[in-house]
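Asker: I need the structure of the sequence given here:
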Amino acid sequence: MKRSEINQIIRDGEDFFRQNSFYLPEWASWDWDIWQRKDKEEIHEILHQELGWDITDFGLGDFRKKGLLLFTVRNGATAEAGYEKPYCEKIMIVDDGQVCLQHFHWDKVEDIINRGGGTLLLQFYNATAEEDLDRENPVIVYVDGIKRLLPAGGILALNPGQSVTLPQKLYHSFWGEGKVLVGEVSKINDDHTDNRFYEAIPRFPEIEEDEPITYPLTKDTIRLR
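Answerer: The predicted model follows:
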């Protein structure tokens, strides 16, 4: 992805957050110069738990069709890290028809929440022992605590205010019918080791630096550790 594209996606994302009265932490709008001047101990949790902007096209070069804007608001750590916070919260924007591709998490359990805008559509498959798509057995999910049984490959529609709980090793993809503000509440998040995409695609994009950074991605801020 080009840095100019990423910068514009973030600007558009800020507008959509404001339209939906969702407010980000103050450091979400720090420019790159501010980040580089900050005391690293002061912002240790932000850097090490990879909080902030996360834009990806999964290395496929077509963000508008296959991509995702995420912002990690908070992300925990185990007691071994010096403090214990066993949860994570993200906010995402899914554009009309924009797909987050089939994947599951080995460890993370998460709630996906339609926070506003259009309808969020999700498709589910159980994972086989070989981590393939189970195209035969039905899927069980809970929508706001209510048990739902879906056929393999079934599609669930979430209207604003609705949520679904996704257990470990449940393949899921999602896309918007209209532009959707999507929340995620989960166990600790690790995007480097806990994602299993059905297709062999990278989680983070390569970036072509064709203009200066406006607001850095987590991919940028980890260089400051």
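Asker: part of a helix, is Lys179?
Answerer: No. Counting by DSSP: H, G, I helix; E, B strand; the rest coil, Lys179 is not found in a helix; it is strand.
Asker: which one is Asn126 nearest to, not counting chain neighbours?
Answerer: Asp134 (4.0 Å; C-beta to C-beta, 6 or more residues apart in numbering). Yep, even glycine has a C-beta here, placed from its N, CA and C like the rest.
Asker: Compute the distance between the one you found and Ala152, please.
Answerer: Using C-beta to C-beta, to the nearest Å, we find Asp134 at a distance of 6 Å from Ala152.
Asker: Give the residues shared as contacts by those two.
Answerer: Residues within reach of Asp134 and of Ala152 at once, by C-beta atoms under 8 Å, 6 or more residues apart in numbering, are Tyr125, Asn126.
Asker: Which strands border the helix or strand hosting Val164, and is each parallel or antiparallel?
Answerer: Following DSSP states H and E, one finds Val164 within strand 163-166. For strand 163-166, the paired strands and their directions (DSSP bridges) are strand 110-127 (antiparallel), strand 139-143 (antiparallel).
Asker: what does that strand contact?
Answerer: Residues contacting strand 163-166 (C-beta under 8 Å, 6+ apart): 105, 109-114, 122, 141-144, 156, 158, 172, 183.
Asker: ok, the closest residue to Leu70 other than its chain neighbours - contacts?
Answerer: In this structure, Leu70 finds its nearest non-sequential neighbour in Asp54, 4.2 Å apart by C-beta to C-beta, 6+ apart. When contacts are counted by C-beta under 8 Å, 6+ apart, Asp54 is found next to Leu69, Leu70, Phe71, Thr72, Asp191, Leu217, Thr218, Lys219.
Asker: how far away is the closest residue to the last one other than its chain neighbours from Ile112?
Answerer: Think Lys219. Closest residue to Lys219 apart from its sequence neighbours, by C-beta to C-beta, 6+ apart: Phe204 at 5.6 Å. Using C-beta to C-beta, Phe204 is found at 21 Å from Ile112.
Asker: got it, and Pro167?
Answerer: 12 Å.
Asker: go on, Gln49?
Answerer: Distance from Gln49 to Ile112, by C-beta to C-beta: 20 Å.
Asker: Mind giving me the packing neighbours of the regular element (helix or strand) spanning Ile6?
Answerer: Following DSSP H and E, one finds Ile6 within helix 3-19. Helix 3-19 sits against strand 52-56, strand 68-77, strand 85-94, strand 170-186, with contacts defined as 3 or more C-beta pairs under 8 Å, 6 or more residues apart in numbering; DSSP states H and E.
Asker: Perfect, that will be all.
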